[in-house]
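J.: Show me the folded form of this:
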Amino acid sequence: MPNREPSTHLDVYWVNQYAVPPDQPGGTRHYDFALALTARGHVVHLLASDLNLTTRRYSRRRRAWNLLPINESFKGANFIWLTAGSYRNNDWRRVLSMAVFGVGAMLRLLFVPTRGRQTVFIGSSPHLFGAFGTWIAAILRRVPFVLEVRDLWPESYSEVAGRTAGPEVAVMRWIADRLYRNADIIMVLAEANRDRIIQRGVAPDRIIYVPNGVDLDAFLEGEPAIDLSSPHHFTFVYAGAHGPANDLATVIKACSILQGEGRNDIRVVLLGDGPSKPDLLELAASLQLSNVCFEDPVPKASIGPTLRTADAALMVLAPVELFTYGVSPNKLFDYLAANLRVVTNVPGLVSDIVTESDSGVCTLPGSAAALAEGMKAMADAPATDHGNGTRYVRENFDRRALAIRVESALITLAARGRSRSRPSSGSKTAPGTAAR
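T.: The predicted structure is shown next:
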């Protein structure tokens, strides 16, 4: 598509509870897309909660009981900050937070000004409640609805929780099927998810692939928030969530193996926060590790320069099948953009990217011993070995180019309006699809 401003200008309302600007820790995919689309003449509003996913603290409202939406323009990106119930752990309070946000997003969208066919609602699926509320509002407002699939549900829950049946799984599957069948466009971040969604009864021509990526120009600016380097150590950094899916206990155990072997030249910095962090701190203390350092998360604006002060990075996830095809991790692209070499234990898509970019070492999933071997191999590599990630990201995952891909799909959708015939939410499922 030519890189010129389009003749059709859109009003886009993009809903993702965890969208953040770069002054907060977290992924800035939607912020970057908003800036890129705004520069091309569109108006983009990001509906998010200022209860930060990483810190679990409100960033914009002073008190949790302040329930009013907060409108903010952050360096050209329009945020509508909605309240959500606060929580600390992955329990019923987090589910309630998701539900509160989903209802709030629906109510807000019911009253935003629209311009008929030129308005598009996008619901993202870090969880289903926000996307479901967006779809309900789109029906009532009679505007096109786009579903962005960041995580597959209920597959994500089933893989991590180990439950493939039960009332919560049935509810998630019911909601997901309603969204799949009724979305005008489905945007997937991991290309392999296209086939899984087609198996649920969705026509292939309604699915587009828009992976994660990096705005390289902004990413490489600024100063590091923390200097991760150490003059006497080869430093690996892990930057991201500390939760059950991230399997950081394997990293701690790998550090124990390295310390036991006398590899005192290797250290790891775990940069971030999450519900598993207290347990990880306790595990590291019980093993009396001196080669692991825990640091608080840093704002996205400084993550690029901060990462560049390390020698290499760790890309780890729990050994579950879903992660071999169904994820597009922000942190992997951040590592590559910072030109870090990467040790990963995630087979499938992640390992394919690391191999294709010639940027690191792939090890067995779930094995602390294998991870330790991979870390030693990288630390012992010649000092002249450098990553190729920055070039690879610029050629394949530049977020401004990805934004043009999104724009093209949205303009086509707005031009045809809601004329496409879609099955209703009560229609029967095609044989062999979601009804299983």
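J.: Report the separation between the residue nearest to residue 42 when sequence neighbours are not counted and residue 207.
T.: Closest residue to residue 42 apart from its sequence neighbours, by C-beta to C-beta, 6 or more residues apart in numbering: residue 10 at 4.5 Å. Bear in mind the C-beta positions are built from the backbone N, C-alpha and C, glycine included. Residue 10 sits at a distance of 20 Å from residue 207 (criterion: C-beta to C-beta, to the nearest Å).
J.: hang on, isn't the residue nearest to residue 42 packed against residue 43?
T.: Yes. Contact criterion C-beta atoms under 8 Å: residue 10 and residue 43 qualify, at 7.2 Å.
J.: Between the two, which has more neighbouring residues?
T.: residue 10 (22 against 16; other C-beta atoms under 10 Å).
J.: the bottom helix or strand of this protein by mean pLDDT?
T.: Every helix and strand of the chain was ranked by mean pLDDT, DSSP states H and E. The lowest is helix 155-161, at a mean of 66.
J.: So for the very next helix or strand once past that helix, mean pLDDT?
T.: Per DSSP states H and E, the first helix or strand lying C-terminal to helix 155-161 is helix 167-182. Throughout helix 167-182, pLDDT has a mean value of 89.
J.: how far out from the middle of the chain is helix 167-182?
T.: Its chain's average C-alpha position is 21 Å from that of helix 167-182, according to C-alpha atoms, centre = their mean, to the nearest Å.
J.: which helices and strands sit right next to whichever helix or strand comes after that helix?
T.: As assigned by DSSP H and E, the chain's next helix or strand after helix 167-182 is strand 185-188. Strand 185-188 sits against strand 145-149, helix 193-198, strand 207-209, helix 399-416, with contacts defined as 3 or more C-beta pairs under 8 Å, 6 or more residues apart in numbering; DSSP states H and E.
J.: could I get the ones you listed as a markdown table with mean neighbour count and mean pLDDT?
T.: Listed next are these as a markdown table, based on neighbours: other C-beta atoms under 10 Å; pLDDT from 0 to 100:
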| stretch | mean neighbour count | mean pLDDT |
| --- | --- | --- |
| strand 145-149 | 25 | 96 |
| helix 193-198 | 18 | 88 |
| strand 207-209 | 17 | 95 |
| helix 399-416 | 18 | 90 |
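J.: will you turn those into a markdown table that also has distance to residue 303?
T.: Listed next are the helices and strands packed on strand 185-188 as a markdown table, based on distance: least, C-beta to C-beta, whole Å:
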| stretch | distance to residue 303 |
| --- | --- |
| strand 145-149 | 22 |
| helix 193-198 | 26 |
| strand 207-209 | 25 |
| helix 399-416 | 14 |
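J.: And the contacts of stretch 47-66?
T.: By C-beta atoms under 8 Å, 6 or more residues apart in numbering, the surrounding residues in contact with stretch 47-66 are 13-20, 23-26, 30, 70, 72, 79-88, 97, 101, 105, 108-109, 130, 241, 272-274, 297.
J.: If we use 7 Å, what do you get?
T.: Contact with stretch 47-66 is made by 13-20, 24-26, 70, 72, 79-84, 86-88, 97, 101, 105, 108, 241, 272-273, 297, as judged by C-beta atoms under 7 Å, 6 or more residues apart in numbering.
J.: Can you get me the start-to-end distance on that stretch?
T.: For stretch 47-66, the first-to-last residue distance is 17 Å (C-alpha to C-alpha, to the nearest Å).
J.: to the chain's geometric centre, what's the distance from it?
T.: On C-alpha atoms, centre = their mean, the centre of stretch 47-66 falls 18 Å from the chain's centre.
J.: and that stretch, which residues are buried?
T.: For stretch 47-66, burial by neighbour count (16 or more other C-beta atoms under 10 Å) applies to 47-56, 58-61.
J.: Format these as CSV; extra columns: secondary structure, pLDDT and distance to residue 405.
T.: CSV is the format used below for the buried residues of stretch 47-66 (DSSP: H, G, I helix; E, B strand; the rest coil; pLDDT from 0 to 100; distance: C-beta to C-beta, whole Å):
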residue, secondary structure, pLDDT, distance to residue 405
47, strand, 97, 22
48, strand, 95, 22
49, strand, 93, 27
50, coil, 89, 29
51, strand, 85, 30
52, coil, 81, 28
53, coil, 77, 26
54, coil, 77, 28
55, coil, 78, 32
56, coil, 78, 33
58, strand, 86, 34
59, coil, 85, 30
60, coil, 87, 31
61, coil, 84, 34
